[in-house]
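K.L.:
next input, structure requested:
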Amino acid sequence: MLGALPSELTEAIVRFSDPEVCVATVAAAKWPRGPQCPQCAGKRLSYLRTRRMWKCLGCKKQFSVKVGTIFEDSPISLDKWLYAMWIVGNCEKSVSSYEVARTLKVTQKTAWYMLHRLRYAMLRDAVGNRSTTVEAG
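P.N.:
The predicted structure follows:
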């Protein structure tokens, strides 16, 4: 398995610098029982290592780990998404898009977009779990 999540940003940067580790981390969180096709829910899959995608052997559709997540339709790489998630999850108060932009070396507009999606996902998750407090402002 992947082990404990990084406790410091430098650890996160080192760990998530490998794209295969990023895919494996998101896949483990998304599919705890292993990947399955989003089209037909098939489990007979082939992993295309050069494209970091799966191909369903049943319906022949290809899909990535981003399908059905806040990362879908985003040109931003998974490593930057995972760094941003780490930053949001480990800040005591809210984090600004300017701070994320400086840290990730992206534009402020990109950082705002990422934070917007991350906060939406946190809020959506918190609706089902009434004991969670989310600062979405």
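K.L.:
quick one, strands of this protein?
P.N.:
Chain-ordered strands for the chain, with DSSP state E as the definition, fall at 45-48, 53-56, 62-63.
K.L.:
can you tell me which of those strands is packed in deepest?
P.N.:
Highest mean neighbour count among the strands of the chain (mean count of other Cβ atoms under 10 Å): strand 53-56, with a mean of 20. C-betas here are computed from N, CA, C, even on glycine.
K.L.:
for it, what is the average pLDDT?
P.N.:
Taken as a whole, strand 53-56 has a mean pLDDT of 96.
K.L.:
quick one: list the elements packing against that strand.
P.N.:
strand 45-48, strand 62-63 (3 or more Cβ pairs under 8 Å, 6 or more residues apart in numbering; DSSP states H and E).
K.L.:
now render those as TSV, adding mean pLDDT.
P.N.:
Compiled in TSV, the helices and strands packed on strand 53-56 are given as follows (pLDDT from 0 to 100):
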stretch	mean pLDDT
strand 45-48	94
strand 62-63	96
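K.L.:
and these: which comes nearest Val26?
P.N.:
Val26 lies closest, by Cβ to Cβ, to one member of these: strand 62-63, at 12.7 Å.
K.L.:
now the closest residue to Cys59 other than its chain neighbours: how far from Tyr120?
P.N.:
Ranked by Cβ to Cβ, 6 or more residues apart in numbering and with sequence neighbours excluded, the top spatial neighbour of Cys59 is Cys40, at 4.5 Å. Per Cβ to Cβ, to the nearest Å, Cys40 is found 28 Å from Tyr120.
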